[in-house]
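> Below: sequence and its predicted model.
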Amino acid sequence: MRIATWNINGLRARLEFILLWLAEREPDVVGFQELKVADELFPHAEFEALGYHALTHGQKSWNGVAILSRAPLELVEAGLPGQSGFGSRLLRARVGEGAGAIDFTTLYCPNGKDTDHDDYQRKLDWFDALRDWAATFVRPDRPIVLGGDFNIVPSPLDSWNEERLRGSIFHTEAERERMQALIDLGLFDLFRVAHPETRAFSWWDYRGGAFHRKQGLRIDFLLGTRAIVDRLRTIEIDREFRKKKDGLTASDHAPVIATLDD
C-alpha cells in the first residue's frame, strides 16, 4: 500500500499537475491540504476517472482538506472539535476493509503567521486540541496515520538554517513541544524512522530561488503508530514534483510518499 500527503496549494490552480502526479505515482491513498475550494465544486469526476474515491472538507478560497483512495473509503469525522474558527483543516476516514484497513487523517495545521501575531497563540491552542483529540483513539497496535502540513519544523535537522531561524515561526520551542506532545501519544515520524540523519525538505518558498538553493523546511509529515512502522518499507519526499512539469506550475510543497507492506 502506498500512502501519501501533499499540500497542493490550490486545487483549481494545480488540477492538471495533480492528475499527472496521480497517474505517475499511483498512490493508494493520499491526503491533500489547502484545497481552497468548496465541497460542491470539488472535481470528483476527474479523480474517479483515475480510480479514486474522494472525501472532502472544503472551504471557499482558503484551507480545505481531502482524502483520495482506490480502496473503499468511509468518513469518520470532519473538523477538529472546538476549532471550527480556524477553518476546514482536518478529515479522518477509514481506508480499506478488514485487517488491512487504516485509520487515516489528513491535516492542514495553522501557520501562525508570526510569533507576535494573535494567530500564533491560536496555533498553539489548536495543537493542544489536536493532541487531546488524538489521545482518544491513538493506540500502538492500531494502524493509524496522521498526515499533512504541520507547519512546524521539529528539529534543527529539518531547517535549512536553524541558527538564523531559531525562535522564529515554525522554529519555536513552544511549537516543537506541541509536536512532540502529539508524537508522545504513540506516533512515529515515518520519514525519520527510515532516514534518521538525512537533511531533507518538503517546502520551499517560491521566492528567491529557494528550491534550487536548497533553502527549505521539512514541515509535511506522515505520522504512524507502531502498527504502521512495522509495515513501513520505504518513505521519500517526492522532490521531482516540486518542479514544473509540462509547463505546469508545482505547489510550493512536495508530496511525501510511504510504501507499506499489505
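Okay, I see it. Residues are numbered from 1 along each chain as shown.
> Torsion angles phi and psi at residue 173?
Dihedral pair for residue 173: phi -60, psi -40, per degrees, to the nearest 10.
> One more: residue 160?
phi -70, psi -20.
> where's it relative to residue 174, distance?
21 Å (C-beta to C-beta, to the nearest Å). (C-beta placed from N, C-alpha, C; glycine too.)
> Over to residue 118?
For residue 118 relative to residue 174 (C-beta to C-beta), the value is 15 Å.
> can you pull the contacts of residue 91?
When contacts are counted by C-beta atoms under 8 Å, 6 or more residues apart in numbering, residue 91 touches 31, 55, 56, 57, 65, 66, 67, 75, 77, 78, 105, 106.
> Does residue 179 touch residue 158 like I think?
No - checked against C-beta atoms under 8 Å, the pair residue 179 and residue 158 is beyond contact range at 10.4 Å.
> Neighbour count for residue 118 and residue 174, which is higher?
Set residue 118 next to residue 174 and count neighbours by other C-beta atoms under 10 Å: residue 174 wins out with 14 against 10.
> tell me the secondary structure for that one?
Look at residue 174: counting by DSSP: H, G, I helix; E, B strand; the rest coil, its state is helix.
> now the lengthiest helix in the chain, how far from the centre of its chain.
As assigned by DSSP state H, the longest helix anywhere in the chain is helix 118-134. Counting by C-alpha atoms, centre = their mean, to the nearest Å, helix 118-134 is centred 16 Å from the centre of its parent chain.
> for stretch 249-257, same thing?
For stretch 249-257, the distance to the chain centre is 11 Å (C-alpha atoms, centre = their mean).
> quick one: residue 80 and residue 116, what's the gap?
Applying C-beta to C-beta, the value for residue 80 to residue 116 is 24 Å.
> So between those two, which is more surrounded?
Neighbour count, other C-beta under 10 Å: between residue 80 and residue 116, residue 80 has more, with 23 against 7.
> Do me a favour and get the end-to-end distance for stretch 110-119?
Counting by C-alpha to C-alpha, to the nearest Å, you get 8 Å between the two ends of stretch 110-119.
> which of the residues in it are buried?
Counting neighbours by 16 or more other C-beta atoms under 10 Å, one finds that the buried residues in stretch 110-119 are 110, 112, 115.
> okay but the first one is in contact with residue 90, surely?
Read it as residue 110. No - between residue 110 and residue 90 there is no contact under C-beta under 8 Å: 11.1 Å.
> At the geometric centre of this protein, which residue do we find?
Closest to where the C-alpha atoms of the chain average out (C-alpha atoms, centre = their mean) is residue 148, at 1.3 Å.
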